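Provided below for reference: sequence and predicted model.
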Amino acid sequence: MSALISVKNLTRVFDVSKPWLNRVIERLPKAHLTAVSDVSFEVPERSVYALVGESGSGKSTIGKMVVGLLRPSSGAVEIEGVDLANSADAAAVARVRADIQMIFQDPFASLNPRWRVRSIIEEPVAVQGGDTQGLAERLLEQVGLAAVDADKYPHEFSGGQRQRICIARALASEPRVIVCDEPTSALDVSVQAQVLNLMSDLREEFGLTYLFISHDLTVVQHMADVIGVLYLGRLVEEAPRDELFATPRHPYTQMLFAAAPRMDGFGREIVPPKGEIPDPINPPSGCAFHPRCPIAVERCRRERPEMRAVGGARVACHLAQ
Ligand code: SF4
């Protein structure tokens, strides 16, 4: 399968310095936060790639760069070989941008409360001058709501129903790629499963490619073909889903698994993640995970591990086997 999305050495640095006058008075240097550092992965067409990590790992920043809401500081996001941020071919960039949509975590915040559902769903098509006749009704039925819901307002729906409206709006412009940023984490557990099942069905029906962002391993187990684990802005492990769940190789992945509840893990002790994510403005030397790593050795403090192939996975750890 050819890659529909290619993320190449993607890096995003934010200037988080205090205002100039404060820096002069307090004699402070400029401060920079590296939210994403040298991340590379590929997503074949019609597959689901999940990015997993704790809050602050850079996964949402990557999602925003993939949809073009943020420019990379360096590196590139290519959709069908078109570099979204740096291509000189404006027509090609506009064409591939139209193929990408995003679903956000909070379905209520991402719906205009003053618009009827019909206008919300039709908007992406209407701004392009497309045909919206019957569109909202058809999409509402495809996401498990009723055609008559088109005349209601967002506050008349539950959280799960609102996320279905967000999915309907994302589908309106017939995208090929949907970036899903924690799409179920604001929902009740019972509703989460319904929304995930719907997204799986729509993937088959519309031939969609998902970049799925989540902090929750049980959610990505449901959806993903390949999983990338992020820590402090870097990819530390990438493997096909079944391989990752059978043999997590990076100590951070193992820590996430130990902390995650499992359907087959009745009676299993749940071990909360040890330590805190370090300050990304002053990250640890060498392997950024070394202050929390139970098997760290001296080399880990001075030398950053590069990604390398281990079995069927790619892992950034000196000791992974
Ligand atoms: Fe732990 Fe060292 Fe591997 Fe980093 S490189 S995960 S500190 S063993």
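That came through, no problem. Keep in mind it's a predicted model, so treat the numbers as computed, not measured.

the longest helix in this protein is where?
Taking DSSP state H as the criterion, the chain has its longest helix at helix 189-206.

same for that helix, what does it pack against?
Counting contacts by 3 or more CB pairs under 8 Å, 6 or more residues apart in numbering; DSSP states H and E, helix 189-206 packs against helix 159-172, helix 217-223. Bear in mind the C-beta positions are built from the backbone N, C-alpha and C, glycine included.

what's opposite the residue nearest the centre of the chain in the beta bridge?
Nearest to the geometric centre of the chain sits Ile213, at 2.6 Å (CA atoms, centre = their mean). On the basis of DSSP bridges, Ile213 is bridged to Leu51, Asp181.

re the thing from before, residues in contact with the longest helix of the chain: which ones?
46, 48, 142-144, 158-160, 163-164, 167, 171, 174, 180, 183-184, 187, 208, 210, 219, 222-223 (CB atoms under 8 Å, 6 or more residues apart in numbering).

average pLDDT for that helix?
The predicted model assigns helix 189-206 a mean pLDDT of 86.

and if you look at stretch 10-25?
92.

how far is that stretch from where the chain is centred?
Relative to its parent chain, stretch 10-25 has a centroid offset of 26 Å by CA atoms, centre = their mean, to the nearest Å.

likewise stretch 93-104?
Its chain's average C-alpha position is 15 Å from that of stretch 93-104, according to CA atoms, centre = their mean.

so what touches that stretch?
For stretch 93-104, contacts defined as CB under 8 Å, 6+ apart pick out 63, 66-69, 79-80, 82, 84, 87, 110, 124, 128, 163, 166-167, 170-171, 173, 175-183.

just the helices in the stretch 201-321 of the chain please.
Listed in chain order, the helices of the stretch 201-321 of the chain (DSSP state H, counting those that start in this stretch) span 217-223, 241-246, 251-259, 298-302.

tabulate those helices (CSV), appending mean neighbour count.
Below are these laid out as CSV (neighbours: other CB atoms under 10 Å):
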stretch, mean neighbour count
helix 217-223, 21
helix 241-246, 16
helix 251-259, 20
helix 298-302, 14
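
thinking again about what came up before, write the ChimeraX selection for whichever of the contacts of helix 189-206 are buried.
Selection command for ChimeraX covering only the buried members of these, criterion 16 or more other CB atoms under 10 Å:
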select :46,48,142,143,144,159,160,163,164,167,171,180,183,184,187,208,210,219,222,223
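
quick check: angle from the longest helix of the chain to helix 159-172?
Using axes from the mean of the first three to the mean of the last three CA atoms, to 10 degrees, the inter-axis angle of helix 189-206 relative to helix 159-172 is 20 degrees.

in helix 189-206, what counts as buried?
By neighbour count on 16+ other CB under 10 Å, the buried set for helix 189-206 is Val191, Gln192, Gln194, Val195, Leu196, Leu198, Met199, Leu202, Arg203.

which one of those is nearest Asp149?
Taking CB to CB as the measure, Leu198 is the one of the buried residues of helix 189-206 closest to Asp149, at 15.0 Å.

show residues contacting stretch 107-119.
104, 120, 123, 136, 140, 149-155, 159, 162-163, 165-166, 186.

low-scoring stretches of this structure, by residue?
Along the chain, segments meeting pLDDT under 70 span 1, 261-272.

okay, now the closest residue to the ligand within the stretch 101-250 of the chain: neighbour count?
Here the stretch 101-250 of the chain gets closest to the ligand at one residue, His250, 5.9 Å apart by CB to the nearest ligand atom. Using other CB atoms under 10 Å, His250 is surrounded by 27 other residues.

try Ala126
14.

not counting sequence-adjacent ones, nearest residue to it?
Distances taken as CB to CB, 6 or more residues apart in numbering place Thr132 nearest to Ala126, at 5.6 Å, with adjacent residues excluded.

now Ser6
Glu78 (4.3 Å).

quick one: the one you found and Lys8 touch, right?
Yes: applying CB atoms under 8 Å, one finds Glu78 in contact with Lys8, separated by 6.8 Å.

more neighbours: which of the two?
Glu78 (19 against 16).

sheet-wise, list the partners of whichever strand or helix holds that one with their directions.
Using DSSP states H and E, Glu78 maps to strand 74-79. With DSSP bridges as the test, strand 74-79 is paired with strand 3-15 (antiparallel), strand 82-83 (antiparallel).
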